[in-house]
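# next comes the sequence, and after it the predicted model I'd like to discuss.
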Amino acid sequence: MRGILRRSVLAGAAAWSAGVLAACSAGGAGGGGEAPRAERKAVTLQYWSRMGVGAGRAYVQTGEYEDKRLPVFAEQHTPAKVERTVIANHTELLDKLTVSFVSGTGPDVFNVGSPGVAQFAHPGFLLPLDGYQRIKKETTDFFEPTLKIGTYKGKLYGMTYYADMRIMLYRKDLLAQAGLPVDRKGLPKTWDQLRDLARKLTRWEGGKIDRIGFDVPKTDEALWFNVVHQQGKDILNKELTKVGFDGAEGERGLQLMVDLLHRDRVDAHERPTFPAGAPPIATQHMASGYRNSAELENLRQVNLDPQQLLASDLTPEWTGKTTATGYLGGTWVLAAKQNKDPDTSVDLVSFLSGYEQLIGVAEIFSGVPPRKSADTRWAPLKDPLLRTFYEAEEKAYTVPGHPKFELIRVKAREVMGQALKQEKSAKEAVADLVAFTNTTVSSA
């Protein structure tokens with residue numbers, strides 16, 4: 001079904017270019033309605049995109065999709081045009097954006113991963129979107145966490161382009177073999193329940209782990225931060241001036257992961273050899289993991305039906321009460337403060353974050369759109385496996401909007417790795433992160 005929908009989205013671009021779609025509004029800040037075509041400027045906007053050759057399959061296909069869609073925007077906003085530049089390596093993109101903005105040669109519109117919003121909003125490189133009525137009108141359709149990422153110090157700068165939602169996936173066949181429920185209602189709602197389930201699913205043979213009950217993240221801090229957030233704390237305080245969690249919450253979250261490895265022994269650093277060509281969770285060597293919906297497409301690529309193989313659920317919590325359903329990242333589209341024509345640039349941001357565009361991107365990424373209206377309009381959400389990712393967006397954990405958060409993230413991975421290898425205690429690792437974070441944010 002999803003392949004058919006993807007083809008229909010791409011085919012729709014041709015229909016739109018024939019004038020089937022209504023033109024996007026082009027009113028200025030605080031205005032409403034569409035300006036007459038004669039009032040539009042003959043401007044060529046520069047659009048820098050991370051979508052294209054040099055990244056993964058979905059990024060390449062999204063780049064191709066942008067190439068098909070941007071002429072639709074140009075026709076709707078004649079005589080404006082758009083030139084698209086691909087910088088697929090995200091680190092390179094961030095570096096080039098920084099250099100270009102400092103030198104006054106930056107793009108008019110661009111897209112970046114979630115930490116990039118604050119990174120470019122802080123020095124004043126971004127155009128605030130709050131004053132544009134066509135943006136205000138659309139924000140009511142977005143889930144609040146997606147808007148939170150696009151906001152810096154109370155001002156909206158970025159609109160969600162691709163929502164990367166991570167929650168729990170479980171192998172239904174392995175659950176059934178262990179006599180455990182396979183329906184969503186019976187899946188773990190608390191971390192204690194997850195630990196119990198993972199122990200039952202784990203298999204050791206000859207002193208080596210043969211089946212991982214739960215894939216403990218070892219190089220990605222997202223789950224750790226998610227678990228801290230579930231305790232009512234965050235990595236930074238609301239003012240973004242210091243650490244937002246004391247030692248207890250951070251230590252408890254990290255200790256959970258350490259215990260899963262070393263006390264519950266549901267995972268190990270020395271792992272089984274996974275068969276080539278298939279995602280680990282598709283093999284008999286892994287029973288559950290914290291994943292995004294791209295894993296569903298990975299299964300389809302090896303001719304496996306994810307609906308038959310997997311069950312999905314929100315991330316377990318400490319008490320079972322829903323507070324932070326999973327981790328939300330992705331890509332956001334923004335406009336530069338200094339550009340050829342701010343009004344037309346906002347039109348492009350609006351176009352790229354419009355319903356049709358986001359449905360097309362979600363289709364390509366095998367993901368879920370960040371728009372509430374998709375609930376009744378988008379057929380794939382009838383799939384209960386995918387729908388859980390969509391429901392998780394409403395109360396998702398998001399990274400703090402600090403311009404130096406990427407440095408904090410790298411440090412978190414370092415100390416987390418030390419704790420998981422038992423080179424440091426969880427308490428010592430958290431203390432290191434707290435000290436580093438306070439120093440980093442105070443120097444911003």
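Cool, got the structure.

# got the confidence number for the closest residue to Leu386 other than its chain neighbours?
Spatial nearest neighbour of Leu386, chain neighbours left out: Pro380 (5.7 Å); criterion: Cβ to Cβ, 6 or more residues apart in numbering. Every C-beta, even on glycine, is put in place using the N, C-alpha and C of the backbone. Note on Pro380: pLDDT of 96.

# nearest spatial neighbour of Thr139, chain-adjacent residues omitted?
Using Cβ to Cβ, 6+ apart, the closest residue to Thr139 is Leu147 (6.0 Å).

# and for the residue nearest to Leu386, the neighbour number?
By the criterion of other Cβ atoms under 10 Å, Pro380 has 20 neighbours.

# phi and psi next, for it.
Note on Pro380: backbone dihedrals following degrees, to the nearest 10 are phi -60, psi -20.

# these two touch, right, it and Phe389?
No. At 10.4 Å, Pro380 does not count as touching Phe389 under the criterion of Cβ atoms under 8 Å.

# just to be sure, Leu160 is in a strand?
No, residue 160 isn't Leu; it's Thr. Yes. Judged by DSSP: H, G, I helix; E, B strand; the rest coil, Thr160 forms part of a strand.

# give the contact list for it.
Contacts for Thr160 (Cβ atoms under 8 Å, 6 or more residues apart in numbering) come out as 142, 146-147, 149-150, 330-333, 353, 358, 370.

# pull out the buried residues from these.
Buried subset of the contacts of Thr160 (neighbour count, 16 or more other Cβ atoms under 10 Å): 142, 146-147, 149-150, 330-333, 353, 358, 370.

# show me which of those is closest to Thr241.
Of all those, Thr241 sits closest to Ile149, with 19.4 Å by Cβ to Cβ.

# related to what we said a few turns ago, just put the contacts of Thr160 in a markdown table and tack on secondary structure and distance to Glu394.
Putting the contacts of Thr160 into a markdown table (DSSP: H, G, I helix; E, B strand; the rest coil; distance: Cβ to Cβ, whole Å) gives the following:
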| residue | secondary structure | distance to Glu394 |
| --- | --- | --- |
| Phe142 | strand | 11 |
| Thr146 | helix | 10 |
| Leu147 | helix | 12 |
| Ile149 | helix | 14 |
| Gly150 | coil | 16 |
| Gly330 | strand | 15 |
| Thr331 | strand | 20 |
| Trp332 | strand | 18 |
| Val333 | strand | 21 |
| Ser353 | coil | 18 |
| Leu358 | helix | 16 |
| Pro370 | coil | 10 |
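
# using a markdown table, lay out those together with distance to Asp67 and pLDDT.
What follows is the contacts of Thr160, written out as a markdown table (distance: Cβ to Cβ, whole Å; pLDDT from 0 to 100):
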| residue | distance to Asp67 | pLDDT |
| --- | --- | --- |
| Phe142 | 25 | 98 |
| Thr146 | 25 | 97 |
| Leu147 | 28 | 97 |
| Ile149 | 26 | 96 |
| Gly150 | 25 | 97 |
| Gly330 | 21 | 96 |
| Thr331 | 17 | 97 |
| Trp332 | 20 | 98 |
| Val333 | 16 | 98 |
| Ser353 | 18 | 98 |
| Leu358 | 17 | 98 |
| Pro370 | 23 | 98 |
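
# which one of these sits closest to His262?
Nearest to His262 among these, with distances taken as Cβ to Cβ, is Gly330, at 32.8 Å.

# look up the residues forming beta bridges with the closest one.
Beta bridges link Gly330 to Ala163 when assigned by DSSP bridges.

# that one against Arg166, yeah?
No. Counting by Cβ under 8 Å, Gly330 does not reach Arg166; the two are 10.5 Å apart.

# and Asp311, what element?
No, residue 311 isn't Asp; it's Ala. Taking DSSP states H and E as the criterion, Ala311 maps to strand 310-313.

# same for that strand, what does it pack against?
With contacts taken as 3 or more Cβ pairs under 8 Å, 6 or more residues apart in numbering; DSSP states H and E, strand 310-313 sits against strand 158-171, helix 172-177, helix 294-301, helix 384-392.

# ok now that strand, how far from the chain's centre?
How far strand 310-313 lies from its chain's middle: 19 Å, per Cα atoms, centre = their mean, to the nearest Å.

# with stretch 239-254 instead?
22 Å.

# likewise stretch 351-366?
The chain centre lies 14 Å from the centre of stretch 351-366; the measure is Cα atoms, centre = their mean.

# shared neighbours of Pro380 and Phe389, anything?
Joint contacts of Pro380 and Phe389 (Cβ under 8 Å, 6+ apart) do not exist.

# got the buried residues for stretch 305-317?
Neighbour-count burial for stretch 305-317 flags 306, 309-317 (criterion: 16+ other Cβ under 10 Å).

# what of stretch 317-337?
For stretch 317-337, a neighbour-count test (16+ other Cβ under 10 Å) marks 317-318, 324-337 as buried.

# start and end of it, how far apart?
One end of stretch 317-337 sits 41 Å from the other (Cα to Cα, to the nearest Å).

# count of neighbours near Leu127?
A total of 22 residues lie near Leu127 under the criterion other Cβ under 10 Å.

# could I get the contacting residues of it?
157, 334-337, 339, 342, 345-346.

# hey, which helix is longest across this structure?
Ranked by residue count, the top helix of the chain under DSSP state H comes out as helix 57-76.

# quick one, that helix and strand 158-171 angle?
150 degrees (axes from the mean of the first three to the mean of the last three Cα atoms, to 10 degrees).

# where are the low-confidence patches of the protein?
Applying pLDDT under 70 to the chain flags residues 1-38, 444.

# got the domain boundaries for it?
2-165+328-395, 167-326+401-442 (automatic domain parsing).
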